[in-house]
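**Student:** Sequence and predicted structure below; questions after.
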Amino acid sequence: MDKMQTNRGLGRHSISLFAKRFRSQRRATKIWLFVTLLLVSLIAAGCQAKPANPASGESGGSGAAGGGEGDTLKQVMAKKLVVTGNEPDFFPFQYVENGENKGYGVDLLAYVAKDMGIEYRQILLPWDGVLPGLESKKFDFISDVLLMTPERLEKYLFTSPIADGSVAVLVRKDNKDIQSPADMAGKVVGALRGSAMMKILKDYNTTELNGGVKEIKEFVGYPEAYEDLKNGRIDAVANTMPNLQALVMKFPDQYKIVDKIGPKVYLGWAFRKEDKALRDRVEQSITKAKEDGTIAKLLEKYFAESYDLPKDVPN
């Protein structure tokens, strides 16, 4: 009897040990399966991850990864998308109205993109970020018009001229003190900070007025400069003739143009030096726009006049 009870006790003990071992193994198995599934999920997610879309502006323009001449054009055509950089407050070349990009440059860019069989996307940023953005490959080229100064021609490639860029002086309609640019002596004159127009104004002040301008005020955007002019906080604004013509057309009772200052210069689109193939392809479409009358119609639409433009690229 004692022997039977002992055997039963041993049996219960063995079963208890077995049950504990079984539960322990089950827990270990569950943990192992969880870890395995977690690793598989992480590996699968890594395999399926995609790089940032260049067109989104997260990692540059369509050809930002290109390293050799022609690479940007190849990638633009492969993606059927070109990304351009623009300063949004340069009426009437580029401006935003009711949340929509409009202007002479926007219409011309739409024409060029259609002729190339691609879509376009614009990245809008302050003027002082446009040229650095091109150099750091945040976009493919600048479709904001740039003055073709000697310094810029050394650093960038340009299309043929798409508008006259000669700089002129704007004053209030009732201003009787400034009848010519020479009358800016002793006055406060504004222009866009870091722009070619600012440089031309400063050069004119140094060479023609012997530094006689009372103050040259720098603005981050021309709308602020025009507002200060209208409210009498400054006496004049220097900007390109086409911009000022369009402004006077829109507000004929507020402003008037005095005259031009500095050398005759033209406006065009700018590209990185290594992107000659892209520049040349865009230039084909611009040449077509000149020949079929598109540019003449756009000049009439935005500036109330059309004129002949040089057909050759400057570099």
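**Tutor:** Yep, it's here.
**Student:** Check what pLDDT V145 gets.
**Tutor:** pLDDT recorded at V145 is 91.
**Student:** From P161, how far out is it?
**Tutor:** Separation of V145 from P161 (CB to CB, to the nearest Å): 9 Å. Every residue, glycine included, has its C-beta placed from N, CA and C.
**Student:** Could you name every residue contacting both of these two?
**Tutor:** L267, G268 (CB atoms under 8 Å, 6 or more residues apart in numbering).
**Student:** Same drill for the two, tell me which one is more crowded.
**Tutor:** V145 (28 against 22; other CB atoms under 10 Å).
**Student:** doesn't the more buried one fall inside a strand?
**Tutor:** Yes: applying DSSP: H, G, I helix; E, B strand; the rest coil, one finds V145 inside a strand.
**Student:** give me the element D203 is part of.
**Tutor:** Using DSSP states H and E, D203 maps to helix 196-207.
**Student:** mind listing what's buried in that helix?
**Tutor:** For helix 196-207, burial by neighbour count (16 or more other CB atoms under 10 Å) applies to A196, M197, M198, K199, I200, L201, K202, Y204, N205.
**Student:** May I ask which two of those are separated the most?
**Tutor:** A196 and N205 (14.9 Å; CB to CB).
**Student:** Helix, strand or coil: sort out the residue nearest the centre of the chain for me.
**Tutor:** Centroid-nearest residue in the chain, with CA atoms, centre = their mean: G85, separated by 1.8 Å. What three-state DSSP gives for G85 is strand.
**Student:** That one touches D144, doesn't it?
**Tutor:** Yes: judged on CB atoms under 8 Å, G85 makes contact with D144 at a distance of 6.7 Å.
**Student:** what about the strands in the protein?
**Tutor:** All strands of the chain, identified by DSSP state E, fall at 81-86, 95-97, 100-102, 119-124, 141-147, 157-158, 163-164, 167-172, 188-192, 215-219, 236-240, 255-261, 266-271.
**Student:** Could you check how far the residue nearest to the centre of the chain is from A304?
**Tutor:** 28 Å.
**Student:** Return the residues in contact with P252.
**Tutor:** So P252 contacts K173 (CB under 8 Å, 6+ apart).
**Student:** typo on my end, K288
**Tutor:** Contacts of K288 by CB under 8 Å, 6+ apart are D115, T294.
**Student:** out of everything not next to it in sequence, what's closest to K230?
**Tutor:** Leaving aside its sequence neighbours, K230 sits nearest to Q254 (CB to CB, 6 or more residues apart in numbering; 5.9 Å).
**Student:** Could you double-check that the one you found sits in contact with N231?
**Tutor:** No: counting by CB under 8 Å, Q254 stays clear of N231, with 10.7 Å between them.
**Student:** Which of the two has more residues huddled nearby?
**Tutor:** Q254 (15 against 9).
**Student:** Give me the pLDDT value at the more buried one.
**Tutor:** Confidence score, pLDDT, at Q254: 97.
**Student:** show me what contacts Q179?
**Tutor:** By CB under 8 Å, 6+ apart, the contact set of Q179 is V258.
**Student:** what number of residues lie near K176?
**Tutor:** When neighbours are counted by other CB under 10 Å, K176 comes out with 8.
**Student:** ok, which stretches of this protein are helices?
**Tutor:** 2-48, 71-79, 104-116, 130-135, 150-155, 196-207, 222-230, 241-250, 276-291, 294-303 (DSSP state H).
**Student:** among these, where is the model least confident on average?
**Tutor:** When I compare the helices of the chain, helix 2-48 is least confident, with a mean of 42.
**Student:** Now stretch 88-98: average pLDDT?
**Tutor:** Rounded mean pLDDT across stretch 88-98 is 90.
**Student:** List the buried residues of that stretch.
**Tutor:** P88, D89, F90, F91, P92, F93, Q94, Y95.
**Student:** now those residues in a markdown table, with distance to L134?
**Tutor:** Shown next, in a markdown table, are the buried residues of stretch 88-98 (distance: CB to CB, whole Å):
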| residue | distance to L134 |
| --- | --- |
| P88 | 16 |
| D89 | 18 |
| F90 | 16 |
| F91 | 22 |
| P92 | 22 |
| F93 | 17 |
| Q94 | 15 |
| Y95 | 20 |
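**Student:** Among these, give me the pair with the biggest separation.
**Tutor:** Within the buried residues of stretch 88-98, P88 and P92 form the most distant pair, 12.3 Å apart (CB to CB).
**Student:** gap between P314 and S136?
**Tutor:** In this view, P314 and S136 are 24 Å apart by CB to CB.
**Student:** For these two, indicate the residue with more neighbours.
**Tutor:** Between P314 and S136, counted using other CB under 10 Å, the more crowded position is P314 (15 against 11).
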